[in-house]
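*Asks:* Fold the following.
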Amino acid sequence: MEGGEPRVKGGVLCSGSIVCDTLVYPAPDAPWGTTTVVETIEPHPGGNGANTSLALAWLGTPVRLLGRVGSDEPGRFLLDALRRAGVDTAAVEVAHGATAATIALVNASGERRFYHRMGVAAGAFAAPIEFSPAHTAGMSIYHLSSPFILPLLRVQLAGTLARARAAGLRTSLDTNWDSLGRWMADIGPCLPHLDMVFLNEDEARMVTGHTDPRSAAGVLLAGGARMAILKLGARGCAVYTQGREFHSPAFEVEARDTTGAGDCFAGGFLSALLDGAEPEEAARFANAAGALSVQHVGGAAGLAGGVDIHGWIKSRGV
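*Replies:* Numbers count the residues shown, from 1 in each chain. Sure, this is the predicted structure:
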């Protein structure tokens, strides 16, 4: 990626939440005791691990997912959807009990309200990930998604990333929101073991205390991360390393549902890198993946079917 390093080849080993989302769209505010007619109430694969893995698979990148689902019908629905997309689910644990589930209310502006049940995900990753040959075969990057929503994984973040690097994988982390408010207390020890860290502006502010993207990235790089990728919403993204920085503007699209857009962005960035793209091209590709995502209801539905992102980019203005 930098300074003559060999281009990364292979696939992505991804760990994170696997959730059955029920999306309600559009969901206006309504008083209790009333009935509101909506356009869509439908189940979708969800959770940051599942969304990122689906995005990678639909972009043609080999991906193996680590996580946990229940032994119920939603669990079977999720595994079937992931396998049909091309995600390797051999390492997904099936536990007795209810699969993690979310009711997502999405209003006409694409803003969301979530109601989440942990289910068997509360016990996911009770044992440390050992990065055995069965896990790492054919993989080049370990991507740790949604660490804060999985309580047993968040207490072993730094050790997990250190073992991934010791196994010869590049490492990537997408922070997402920390409902416990620990932020840098948990992210800080991870930074020396990270090749890439993805955050949106709110997450970067909470982790670093800075609202300015450059200042926030400086804290992350000083802590040991090799690359900081800040998702700036309608302004695109900014990428920082010790040697350079650049801003990649967004594509102008009409957003229907922003659920999973950040996961699709991360999947797009990693997929482009694995195809040999330089970071600038990867950032533009990631912006396009996020833009396609927000135009559809459902976490990664905008990338379903292997959309031609390069062709889409050529057809769009910034």
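*Asks:* What are the boundaries of the strands in the stretch 151-300 of the chain?
*Replies:* Using DSSP state E, counting those that start in this stretch, the strands found in the stretch 151-300 of the chain span residues 170-174, 196-200, 228-231, 237-240, 245-248.
*Asks:* Given the fourth one, what are its sheet partners and their directions?
*Replies:* Yep, that's strand 237-240 we're talking about. strand 228-231 (antiparallel), strand 245-248 (antiparallel) (DSSP bridges).
*Asks:* Show me the contact partners of stretch 85-94.
*Replies:* 18, 53-54, 56-58, 62-71, 75, 79, 82-83, 124, 134-135, 304 (Cβ atoms under 8 Å, 6 or more residues apart in numbering). All C-beta atoms are positioned from the backbone trio N, CA, C, and that covers glycine.
*Asks:* Actually, stretch 226-244.
*Replies:* By Cβ under 8 Å, 6+ apart, stretch 226-244 touches 1-3, 194-201, 204, 213-214, 216-218, 220-221, 245-250, 262, 265, 269, 279-280, 283, 286-287, 290.
*Asks:* on that earlier part again, any quick ChimeraX command for the buried ones out of the contacts of stretch 85-94?
*Replies:* Buried residues within the contacts of stretch 85-94, by 16 or more other Cβ atoms under 10 Å, are selected in ChimeraX with:
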select :18,53,54,56,57,58,62,63,64,65,66,67,68,69,70,75,79,82,124,135,304
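*Asks:* Go through the contacts of stretch 85-94 and flag which are in helices.
*Replies:* Counting by DSSP state H, the contacts of stretch 85-94 place 53, 54, 56, 57, 58, 75, 79, 82, 83, 134, 135 in helices.
*Asks:* ok, now which ones touch the third one?
*Replies:* Contacts for residue 56 were tallied using Cβ under 8 Å, 6+ apart; they are 11, 12, 14, 62, 63, 87, 267, 270, 271.
*Asks:* do the same with the fifth one
*Replies:* For residue 58, the contacting residues are 85, 86, 300, 303, 304, 305, 306, 307, taking Cβ under 8 Å, 6+ apart as the criterion.
*Asks:* For those, which entry has the maximal number of neighbours?
*Replies:* residue 300 (30 neighbours; other Cβ atoms under 10 Å).
*Asks:* Mind checking which of the contacts of stretch 226-244 land in helices?
*Replies:* Counted as lying in helices by DSSP H, out of the contacts of stretch 226-244, are 201, 204, 213-214, 216-218, 220-221, 262, 265, 269, 279-280, 283, 286-287, 290.
*Asks:* what about stretch 197-213, average pLDDT?
*Replies:* For stretch 197-213, the mean per-residue pLDDT is 96.
*Asks:* Thanks again, I'm all set now.
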